[in-house]
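Asks: Sequence plus predicted model, see below.
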Amino acid sequence: MRSMSLKILLQACILACALLARGALADELPAHARETRPGSLSYSDGMQQIIDRAVELIGVRYRRSGDRPQTGFDCSGFVGYVFREGMGLILPRVSREISKAGAPVSKDALEPGDLVFFNTMRHAFSHVGIYLGDHLFVHAPRTGERVRIDDLQERYWARRYNGARRVSGSMVFAAQR
């Protein structure tokens, strides 16, 4: 158990460094990341809120069909909750449908906030997580586990990687507030 706590602490430190570096490079963001509409978040501010919300939920237990922190999350419930709470975006409920919601992104062009997909149940796009940067992603893995950070380069995830998507308000339904 102690080694698990140390691993989580190390992952949190790595993530904090990555997020600080991202903030330091904010002036170098592409134009789409700096765009704002009156009364809306910029793309980069919205992605930062998504990442912050996702990291806050580390440790919440997995629950099949779960979509709330009080009761637990499955992978798509976790992603949907984070995007709804972080940016006011409503994503489809299942990972296969979420995989159609945004624009495809190559692995070498991943940015924090992108969705990463995996084949974990013998069919494509059966699992989804949120990319954090530096090959790390956060997700709700499986029964008996909790929301956690994993590395895309770990053998298990690297072999099952299906692709990534970048979502924005123009590609999904805006939540009614």
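Replies: Here it is on my side, so go on.

Asks: rest of the way, CA atoms for contacts and neighbours
Replies: Noted.

Asks: So in terms of bridging, what pairs with the nearest residue to residue 143 once chain neighbours are set aside?
Replies: Among residues not flanking residue 143 along the chain, residue 62 sits closest, at 5.6 Å (C-alpha to C-alpha, 6 or more residues apart in numbering). Assessed by DSSP bridges, residue 62 has beta-bridge partners residue 73.

Asks: how many other residues sit next to residue 62?
Replies: 25 (other C-alpha atoms under 10 Å).

Asks: Over to residue 71?
Replies: Using other C-alpha under 10 Å, residue 71 has 11 neighbouring residues.

Asks: And residue 65, by the same measure?
Replies: Residue 65 has 15 neighbours, counted by other C-alpha under 10 Å.

Asks: which residues touch it?
Replies: 73-74, 77 (C-alpha atoms under 8 Å, 6 or more residues apart in numbering).

Asks: top of those by neighbour count?
Replies: residue 73 (29 neighbours).

Asks: pretty sure it contacts residue 59?
Replies: No. Counting by C-alpha atoms under 8 Å, residue 73 sits too far from residue 59 to count as a contact (10.5 Å).

Asks: ok, back up a step: close enough to count as contact, the residue nearest to residue 143 and residue 147?
Replies: Yes. Between residue 62 and residue 147 there is a contact under C-alpha under 8 Å: 6.8 Å.

Asks: Next up, phi/psi of residue 151, please.
Replies: Note on residue 151: backbone dihedrals following degrees, to the nearest 10 are phi -110, psi 130.

Asks: beta partners for the nearest residue to it once chain neighbours are set aside?
Replies: Of all residues not flanking residue 151 in the chain, residue 136 sits nearest, at 4.5 Å (C-alpha to C-alpha, 6+ apart). Under DSSP bridges, the beta-bridge partners of residue 136 are residue 133, residue 151.

Asks: Can you give me the pLDDT of residue 136?
Replies: With respect to pLDDT, residue 136 has a value of 98.

Asks: Right, I'll leave it there.
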